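[1] Here's a sequence, model it:
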Amino acid sequence: MQVQGLLLLLALILLAATAEAGKNKKEKAKKDGSECEDWRWGPCVPNSKDCGLGYREGTCKDESKKLKCKIPCNWKKKFGADCKYKFESWGGCSAQTGVKTRSGILKKALYNAQCEEIVYVTKPCSSKIKPKSKGQSPPLLS
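    Residues are numbered from 1 along each chain as shown. The predicted structure is shown next:
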């Protein structure tokens, strides 16, 4: 019976310790962060040129913050790095214009970015014909 009592006491001590640790983490988050909940974030501004590492500024009431951010150098600058889209497959090549098109539907707008719901992208048609994969052999003639 004493062993069970000892195990119960040990379990209670562990439970109290983990609950106290959880409180400390929450208190630290409040000290580091802000009580303000209505942050307005600006666009990511690269440190040099038009892509790479940079920062974005945010304001809430009388407070302001700067966060590190990154704009990929191969990103479609037309949409901005804070607008994430789900794109369809590329359409067929238009003989008149020599380009193919696809559309994207807004999936997520980060940092309260103003994003278009649907965007359209074009790219030149490839003049190359894709070679057959190495695993395939031409049909045999009989």
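[2] how about the helices in this structure?
    Along the chain, counting by DSSP state H, helices occupy 2-32.
[3] How many residues are close by Lys68?
    Look at Lys68: counted by other C-beta atoms under 10 Å, it has 10 neighbours. Backbone N, C-alpha and C define where each C-beta goes, glycine included.
[4] swap that for Ala81, please
    By other C-beta under 10 Å, neighbour count at Ala81 equals 21.
[5] The one 10 residues further on now?
    Counted with other C-beta under 10 Å, residues neighbouring Gly91 total 12.
[6] try Thr101
    15.
[7] ditto for Glu63
    Glu63 has 11 neighbouring residues, counting by other C-beta under 10 Å.
[8] how much space between it and Asn47?
    23 Å (C-beta to C-beta, to the nearest Å).
[9] before we move on, what about Tyr120?
    31 Å.
[10] give the contact list for the residue nearest to Ala113 when sequence neighbours are not counted.
    Nearest residue to Ala113 in three dimensions, chain neighbours excluded: Asp82, at 3.7 Å (C-beta to C-beta, 6 or more residues apart in numbering). By C-beta atoms under 8 Å, 6 or more residues apart in numbering, the contact list for Asp82 reads 43-44, 109-111, 113, 115.
[11] let's see 6 Å
    110-111, 113 (C-beta atoms under 6 Å, 6 or more residues apart in numbering).
[12] For Asp38, state which of those residues is nearest.
    Set against Asp38, the nearest of the contacts of Asp82 by C-beta to C-beta is Tyr111 (12.9 Å).
[13] Please name the residues that touch the closest one.
    41, 82.
[14] Per-residue pLDDT of Lys130, please?
    Looking at Lys130, its pLDDT is 57.
[15] typo on my end, Thr59
    For Thr59, the model assigns a pLDDT of 91.
[16] Next: the one 5 residues further on.
    The model reports Ser64 with a pLDDT of 90.
[17] Distance check, it against Arg40.
    Taking C-beta to C-beta, one finds Ser64 at 10 Å from Arg40.
[18] Thanks a lot, see you next time.
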